[in-house]
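K.L.:
Fold the stuff below for me.
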Amino acid sequence: MNKIKNILTILLFSLTLISCEQTKTKSIPKVKNNVYIKKDAIDKPDFESKSKIETLTLIYNAISCTCAQWTETRFNSIPDKKVYYWLEPATQKLINADKLFNGEDLPVIIKITGQIISEKGFPRNQNLTKVGLEEAGKVFRYTKIEVIKNGQKKNDR
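P.N.:
Down below sits the predicted model:
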């Protein structure tokens, strides 16, 4: 009877270990139909924005990658200082900055107000079908946007 009890105890312990190991998998952003559905900080999942609300003037960098493509204009001529941002509108009523570039006319320059919400993640509710986890970056959620220059024409939005 003791042997059966010991075997059952070992079996139960083994099943518990296996079950726990399966729940320790690396956290991967939740995706539904290739659209990221929430703020996902990959390297620092407990990251809470402690940054103040700030206003940035950004320029679109038309580079051939599926990565963040907005940088601050003040570092445009200093490549080592460039920080690339993913942009996320706080509401659907705001202009989606990523749709301003028409594929031909540059520069696209915007002034946005908001805050950094993720040091390493993706903007939520955007179709990022060909983006790998290695493309995670700073996410700036903006509450106000002004288009300074959209190609060769000036807008007063």
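K.L.:
Quick check: Leu58 touching Ala68?
P.N.:
No: taking contacts as CB atoms under 8 Å, Leu58 lies outside contact range of Ala68: 10.6 Å. C-beta coordinates here come from the backbone N, C-alpha and C atoms, glycine included.
K.L.:
overlap in contacts of these two?
P.N.:
Tyr85 (CB atoms under 8 Å, 6 or more residues apart in numbering).
K.L.:
For the protein, give me the ranges with low pLDDT.
P.N.:
1, 5-50, 125, 127-129, 152-157 (pLDDT under 70).
K.L.:
what ranges do the strands span in it?
P.N.:
For the chain, the strands defined by DSSP state E cover 31-32, 35-36, 40-41, 54-60, 70-72, 85-89, 108-122, 137-150, 153-154.
K.L.:
and those as TSV, adding distance to Ile95 and mean neighbour count?
P.N.:
Below are these laid out as TSV (distance: least, CB to CB, whole Å; neighbours: other CB atoms under 10 Å):
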stretch	distance to Ile95	mean neighbour count
strand 31-32	24	10
strand 35-36	19	16
strand 40-41	24	20
strand 54-60	13	17
strand 70-72	13	19
strand 85-89	7	23
strand 108-122	8	20
strand 137-150	5	19
strand 153-154	15	9
